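Enquirer: one predicted model, sequence on top.
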Amino acid sequence: MSYRTPLVALSLCILLLPGLATAQGINGRARTYLSHLQIRDMVLDSVPEGTVSGEGVQRTLPDGTPLTCGEEYCQYYRSGPELGVIPFLVDLELNAWTGITGLRAYTHLRARDHLGDFRVIWPKMNEPFEALTLYVEYGRSFYRVKAGRQWQTTGLGMYNYDGGSVRMRLPHNLDVEVYGGLSLVRGLNESHYTNLISDVESLFPREDAWLGGIHVRFRPFPQVAGSFTYQREEAAGSDGLYSERIAATTRILAGPITLDGELKFDLATRQTNLAKLAASFPLDKGFSASGEVRTYTPFFELWTIWGAFSPVGFNEVRGRLDWIAPSGKLSAYTYGSHRSYEETSTQIPGSLSISDESWRWAFGSRYSILTDLTLSAEYRYDDGYGASRHGGDLSVQRFFGRSSYLALRGTAFQTFSEFRVGSGGVIGGGLQGAFPLASAKVHGSVMYYQHDQIDRPSLLDLNQLRMNLSLEIPIGGDPGLRGGGN
């Protein structure tokens, strides 16, 4: 029996729960998303080898298009016909309360359809209907039990699984949660053994994985709080280990200064994935500052092949300074960072010089011209270890009450020596807005991006039109607001 079968039964239980007892209510929301993305197909073309000047396998046309040459022909990619990708999604989120004190059910269902060119497959369109979350919860003042499809958010990140969890609130501000079940791929609500994984991984797990862990939160003093997490994933029915990790976080309030620490450690590879220390504090005359230092190494589960490539980590220093005027109408900020990457075993030709450092810097401002009219701007500069980018954004936003606004947005940036698209510039502009429709709310945006390449002018037409439209409809109300909550 598929593990999805119990989920179907659980969905029916959730929808029927209000009728099983004196119903206190259902609330939630239905959201419909419709997007349009304009892209162009890539077509493999060729010209006779004798018509291309130069020697060797790698050559270029006079307009900068790179070619791969054989004995008779030189091949290259050019822009093909325009394609329209139109994903259509419907989300339904429901909370259901019954007459049983402490009993609640929650579900997040998603339906998908593809309205655009069927030569382009939008991710996950092979799943027309899916339960992203689907659980029943029973809680009292000192404990909570959950069963079904759920997620766990800890210092290790967000993990989806089909199973259960028990949370206990103990004396002295100690909170302990034990969880476990059938592990799903992070953020995808798919099992480890799925075609979606096999399409991108040459080596992928042929067995389901079990996820289990314990998450502890504590606050011994009002000024000190922290958490500790231990989590393990292993193949079902065997001793194959997928991951075993721990994480710890802490926050200390020392007067006006807030200190935050974070650690992620991979027990399987005995490697520190993240160690971070951050501080934030107010200054005089409307200024406030924050900064952090961290060391980072990418994490990969043991079943994936990517960890075999010895990914390179980095050390980073970040800083940010904010300012707001006494009137509150004008605010400004600046932030920056410096990264130094670890040594890599990759052999670089002597003619190339690639730095093992990168810099990021930006500044921005926001000005309230009128009570309901705001101007925002930001400039960014990123000098990477293999490429660089600089550019900025500008927007004017007008508010029409609490639920309506219209914004005019513009963006421009240049990229130099980027690996896939080379050097070029992008200018974009469009509109974004929202307005109420009875009890519902409509969001929409349209942006057009004009791309001009510098070193590869005819490689590919990267101009793009993007449109998004969403409708959010509230369902029911909150029983707690009527004094009838659990």
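Expert: Happy to help now that I have it.

Enquirer: from the chain's centre, how far out does stretch 50-62 sit?
Expert: Offset of stretch 50-62 from its chain centre (Cα atoms, centre = their mean, to the nearest Å): 42 Å.

Enquirer: what's the closest non-adjacent residue to Ala440?
Expert: Once flanking residues are discounted, Ala440 sits nearest to Ile473: 4.4 Å by Cβ to Cβ, 6 or more residues apart in numbering. Every residue, glycine included, has its C-beta placed from N, CA and C.

Enquirer: give me the contact list for the strand or helix carrying that neighbour.
Expert: If you go by DSSP states H and E, Ile473 is part of strand 464-476. Residues from elsewhere that reach strand 464-476 (Cβ atoms under 8 Å, 6 or more residues apart in numbering): 25-39, 94, 430, 437, 439-449, 451.

Enquirer: who does the residue nearest to Ala440 form a beta bridge with?
Expert: Beta-bridge pairing for Ile473 (DSSP bridges): Ala30.

Enquirer: tell me how far it lies from Leu92.
Expert: The spacing between Ile473 and Leu92, counted by Cβ to Cβ, to the nearest Å, is 10 Å.

Enquirer: any residues in contact with both of these two?
Expert: Ala30.

Enquirer: mind showing which ranges of the stretch 1-150 of the chain have poor pLDDT?
Expert: For the stretch 1-150 of the chain, applying pLDDT under 70 flags the ranges 1-24, 116-121.

Enquirer: got the CA coordinates for the helix or strand hosting Ala332 in CSV?
Expert: Element membership of Ala332, judged by DSSP H and E, is strand 330-341. Listed in CSV are the C-alpha atoms of strand 330-341, where the atom choice follows Å, rounded to 0.1, in the frame of the first residue of the first chain:
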residue,chain,number,x,y,z
LEU,A,330,13.5,59.7,5.5
SER,A,331,15.6,56.5,6.1
ALA,A,332,18.8,55.2,4.7
TYR,A,333,21.0,52.1,5.1
THR,A,334,24.2,50.6,3.8
TYR,A,335,25.5,47.1,4.1
GLY,A,336,28.5,45.1,2.9
SER,A,337,30.4,41.9,3.3
HIS,A,338,33.8,40.3,2.5
ARG,A,339,34.3,36.6,1.7
SER,A,340,37.5,34.6,1.6
TYR,A,341,37.2,31.1,0.0
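
Enquirer: partner strands of that strand and their direction?
Expert: Checking strand 330-341 against DSSP bridges gives partners strand 314-324 (antiparallel), strand 357-370 (antiparallel).

Enquirer: just send the ones you listed back as TSV, with distance to Asp63 too.
Expert: Shown next, in TSV, are the strands paired with strand 330-341 (distance: least, Cβ to Cβ, whole Å):
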stretch	distance to Asp63
strand 314-324	37
strand 357-370	31
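
Enquirer: out of these, nearest to Tyr73?
Expert: Closest approach to Tyr73 among those (Cβ to Cβ): strand 357-370, 39.8 Å.

Enquirer: ranges for the helices of the protein?
Expert: Along the chain, counting by DSSP state H, helices occupy 4-20, 195-198.

Enquirer: what mean pLDDT does the last one get?
Expert: Spelled out, that is helix 195-198. The predicted model assigns helix 195-198 a mean pLDDT of 67.

Enquirer: give the contact list for the closest residue to Tyr33 other than its chain neighbours.
Expert: Spatial nearest neighbour of Tyr33, excluding adjacent residues (Cβ to Cβ, 6+ apart): Leu89 at 4.3 Å. Applying Cβ under 8 Å, 6+ apart to Leu89 gives the contacts 32-33, 110-112.
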